[in-house]
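>>> What shape does this take:
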Amino acid sequence: MSQIEILSCEQALRALGEGEVARMVEQPILVRQKEDKLLTVHPNWHAALSVPEFRALFPTMHFRVVAREDGIDEAKDADYYAWRSKYL
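Numbers count the residues shown, from 1 in each chain. Presented below is the predicted three-dimensional model:
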């Protein structure tokens, strides 16, 4: 079994900048970067934060990188919704 690397806020920001998706260890929050915003999703809320806002809100939190196979395939998702809107 491989060890999961735990990242600090700054390390997570670097990983997000490289296109990774991160999950917060302390709370059920997923984060990904889209252009200059960090899309932050919790089961009860979501937000698009700037990097300074993210740093201010989560300076002491820990993150781990989510494996690619755990994520959503955006091409398949777009194909599904194109098909769904055409036939429903």
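
>>> Please verify my assumption that residue 62 contacts residue 5.
No - counting by CB atoms under 8 Å, residue 62 sits too far from residue 5 to count as a contact (10.3 Å). In this view, the C-beta of every residue, glycine as well, is placed from N, C-alpha and C.

>>> Give the residue from the two that has the larger number of neighbours.
Shown here are residue 62 and residue 5; by other CB atoms under 10 Å, residue 62 has more neighbours (16 against 10).

>>> where does that one land on pLDDT?
pLDDT, residue 62: 96.

>>> and what of the one 3 residues further on?
Looking at residue 65, its pLDDT reads 93.

>>> and if you look at residue 83?
For residue 83, the pLDDT comes out at 76.

>>> residues in contact with it?
Residues near residue 83 by CB atoms under 8 Å, 6 or more residues apart in numbering: none.

>>> That one falls within a helix, correct?
Yes - the assignment for residue 83 is a helix, going by DSSP: H, G, I helix; E, B strand; the rest coil.

>>> where's it relative to residue 74, distance?
15 Å (CB to CB, to the nearest Å).

>>> What of residue 52?
Distance of residue 52 to residue 74, computed by CB to CB: 27 Å.

>>> likewise residue 12?
Shown here: residue 12 relative to residue 74, a distance of 21 Å by CB to CB.

>>> And those two? Which one has more around it.
Per other CB under 10 Å, whichever of residue 12 and residue 74 has more neighbours is residue 12, with 24 against 8.

>>> which SS state does that one fall under?
Per three-state DSSP, residue 12 ends up helix.

>>> Extract the CA atoms of stretch 52-59 and return them as PDB.
This file holds the C-alpha atoms of stretch 52-59, laid out as PDB (Å, rounded to 0.1, in the frame of the first residue of the first chain):
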ATOM      1  CA  PRO A  52      -5.300  35.300  -1.500                       C
ATOM      2  CA  GLU A  53      -8.800  34.400  -0.300                       C
ATOM      3  CA  PHE A  54      -8.000  30.700  -0.200                       C
ATOM      4  CA  ARG A  55      -4.800  31.400   1.700                       C
ATOM      5  CA  ALA A  56      -6.700  33.500   4.300                       C
ATOM      6  CA  LEU A  57      -9.400  30.900   4.800                       C
ATOM      7  CA  PHE A  58      -7.400  27.700   4.800                       C
ATOM      8  CA  PRO A  59      -3.800  28.600   6.000                       C
END
